[in-house]
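1. Got a sequence here, can you build the structure:
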Amino acid sequence: MADLALGDEVAGYRIDARLARGGMGVVYRATHLGLDRPVALKVIARELAGDASFRERFLRESRLAARLDHPAVVPVYDSREVDGELIVAMRLVEGGDLRGLIDRDGPLPPARAIALLGQVAEALDAAHAAGIVHRDVKPHNVLVEGDRAYLSDFGLAKSLEDSGASAASVVGTVAYMSPEQWRGEPVGPAGDVYSLGCVLYEAVTGVVPMARADADPAATPCLPADLEAAIERATAPRPEDRFPTAGTLIAAARAGEGSSERPTQVLSADSDPRRTPPARSSFRPPPESRSTLRPSTGLKDDRPIGSGPKDDRAGRSGPKDDRGVRRRRGLLVGGGLALAAAVVVAVLLLTGGGSGPKVSAPVAVGQPPLRIAAGSEKIWVLSEPEATLTRIDAETDRILGAPIDLPRGVAAVAVGGGSVWVTDAKSGQLLRIDDESGKVTQRIDVGGHPGPLVYGGGRIWVADTKGAGITAVNAKGGRVVRRHLGPHTAPLRLATGAGSLWVSSAATGQVHHIGLAAFAVGKSIPAGRRPAGITVAHGLVWVADARSGSVIRLDPSVQAVSGSPIEVGERPGGIDAGPNSAWVTLAGEDAVRRLELPSGEPDGGPIAVGPEPTAVAVGTTAVWVVNDGDGTVTRVEP
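-> Model (predicted):
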């Protein structure tokens, strides 16, 4: 349905004015004709209402929310389907929302912020007692009318999370989303406590959570020390470390509002507990008509010899293919010191002469193609031809011990759920590897030819390299819970975030998404000429389009491309994102490109790494790039 006009009638309501538009639909000021009562009428977007699974859950959860009877909950008067349209009618609150109040008046005095949000906390605790989790507590959903505060949209976020139609837009709003919600894991009352702590922080500082940098003193607000401590506990990374209820958070905040003030250290970009994004793999099928090995020279002719890869591997037994890393290292040593001046020039080019990202010398790992996954302390790099898994220290970029020997046929690596995971396309198995010992502790039969994989929502998601679909495996016990989920094409790239598994298909030129909780499959979205790497950041899905030399953004709320393609360079492939930047590899330029988030604007020019970079993984302190031209990995410190 197009936007309704003034005077239009729908489902027994007369449209009086349009109040707001969001990802779910449009909210109108309307009048119930039978009762002559003013209401806020939300008409759900047709692309969502047309999905049978979403429609069923929406109506069920709306009815559940309508049974909530609390003075701080915006009551739901009506929720139904009429002539193919989903509508929900709620009490009309005249005053506006908390976000508008902050924009108009600036930060609230702590006493007023606590008084308003104390009412919201009571509403949340009542909902939790009734078995309802809000999942999208944010300033826009806190309506303020004088000294009264009301929490709106109860139950709606849950219905959307369960639906594959728009999971990414409703699982939460990024700035207020708990770490477990960000990872796509089940969310309980502690998730709402986290979000309420974020809203309290924004109310008393005027600053959106995670939006300021610790390095900018001018942007650092002051808070009463004990109030800051209450916010810090509410937003603890682990749910069990937070306040047990929303009410106890407000009680602690009220007790601390009169303490001495100091510059706050909480909820900055540097302290973001979601700084390490949901674990994702970077499987890259070998390109057609290209050897996986470089010519016998090992390096490009114009590459400075002194800037070649480091090879810190120890304990390797047995010779490898003489075209591999060992021969490359010998060539480097044989070059001597003749190009010492070129080394200086190369270092200046890599580091920018002391400004910008710091690029370390490449680390020799093994024969390409390589796959990479970033853990909190280790970087894991898989060599498919050599069937080895190499561990790199995330702080020093030094190789840790000897490579781990694996069965021939290994295809991809991912980190998540306390383990390292490797697919074995030859045996049809998923291998669980202990992070500390490096030993295979479980072999899970998934069948077919497993390849790309990713962790999210407590599960490992594995794509088949022959087009047999996607398998979901519970990470905790290793039980296969779903097989043959679409799409049934190959090759595929996977990413998780904001409640969904996102799948790019180079064969179809589309991106597909599957709900992490209910396995609901959403509508496919066109995504360029040859979509390759994929990641999720700031409420959008970012896709590298290898043929157009661009990055495409998809808006899950409307299931369409958002904005114009971002031109990045020649042959973009791998892409990954942290809290502030997205990084994309440019195989045709031997470089990576950094994009600012959420704008997507390129931040500087291409950053030189190694030959033919094809995959990238964002770690806690650095960005790691696979160079398939010579089997090395480059560490970039932003």
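
2. L86 and E56 touch, don't they?
-> No - the criterion here is Cβ atoms under 8 Å, and L86 misses it with E56 at 10.7 Å. To be clear about C-beta, it is placed using only N, CA and C from the backbone, and glycine gets the same treatment.

3. Following element in sequence after the lengthiest helix in the chain, please.
-> When the chain is scanned for its longest helix (criterion: DSSP state H), the result is helix 110-129. On the C-terminal side of helix 110-129, the nearest following helix or strand under DSSP states H and E is strand 142-145.

4. Mind listing what's buried along the helix or strand just after that following strand?
-> Downstream of strand 142-145, the first helix or strand assigned by DSSP H and E is strand 148-151. Residues of strand 148-151 classed as buried by neighbour count (16 or more other Cβ atoms under 10 Å): 149-151.

5. So which residues of the protein form helices?
-> Using DSSP H, helices in the chain cover 46-49, 52-66, 98-105, 110-129, 156-162, 167-170, 179-182, 189-205, 225-234, 246-256, 325-334, 340-351.

6. Mean neighbour count, distance to G366 and mean pLDDT for these - can I get that in TSV?
-> TSV is the format used below for the helices of the chain (neighbours: other Cβ atoms under 10 Å; distance: least, Cβ to Cβ, whole Å; pLDDT from 0 to 100):
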stretch	mean neighbour count	distance to G366	mean pLDDT
helix 46-49	19	46	70
helix 52-66	19	45	74
helix 98-105	16	51	88
helix 110-129	21	51	94
helix 156-162	25	41	44
helix 167-170	27	36	36
helix 179-182	22	33	84
helix 189-205	27	41	95
helix 225-234	21	43	96
helix 246-256	21	50	96
helix 325-334	16	6	33
helix 340-351	15	23	33
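
7. quick one: low-confidence ranges for this structure?
-> 1-3, 22-24, 47, 154-172, 212-219, 269-355, 498 (pLDDT under 70).

8. According to the record, where do the domains of it fall?
-> Here the domain parsing of the chain from automatic domain parsing is 9-91, 98-271, 305-637.

9. List the neighbours of the longest helix of the chain that are in contact with it.
-> 68, 70-73, 98, 108, 133-134, 137, 142, 144, 147-151, 154, 189, 192-193, 196, 199-200, 203-204, 224, 227, 245-247, 249-250, 253-254, 257 (Cβ atoms under 8 Å, 6 or more residues apart in numbering).

10. Equivalent analysis for stretch 60-74, please.
-> Taking Cβ under 8 Å, 6+ apart as the rule, stretch 60-74 contacts 40, 75-77, 79, 88, 90-91, 93, 119-120, 122-123, 126-127, 130, 132, 143, 148-156, 158-159.

11. From A622, how far out is the closest residue to R14 other than its chain neighbours?
-> Leaving aside its sequence neighbours, R14 sits nearest to T31 (Cβ to Cβ, 6 or more residues apart in numbering; 4.8 Å). Using Cβ to Cβ, to the nearest Å, one obtains 58 Å as the distance from T31 to A622.

12. do I132 as well
-> With Cβ to Cβ as the criterion, I132 and A622 are 41 Å apart.

13. Over to L227?
-> Counting by Cβ to Cβ, the gap from L227 to A622 is 34 Å.

14. related to what we said a few turns ago, what's the residue nearest to R14 in contact with, if anything?
-> So T31 contacts 13-14, 16, 37-39 (Cβ under 8 Å, 6+ apart).

15. Of the residues you listed, just the buried ones, PyMOL syntax please.
-> If you want just the buried ones from the contacts of T31 in PyMOL, going by 16+ other Cβ under 10 Å, the selection is:
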select buried, resi 13+14+16+39
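
16. What about the contacts of T31, which are in strands?
-> Using DSSP state E, the subset of the contacts of T31 located in strands is 13-14, 16, 37-39.

17. got a markdown table for the residues you listed, with distance to L595 too?
-> Below are these laid out as a markdown table (distance: Cβ to Cβ, whole Å):
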| residue | distance to L595 |
| --- | --- |
| Y13 | 44 |
| R14 | 46 |
| D16 | 43 |
| R37 | 49 |
| P38 | 45 |
| V39 | 43 |
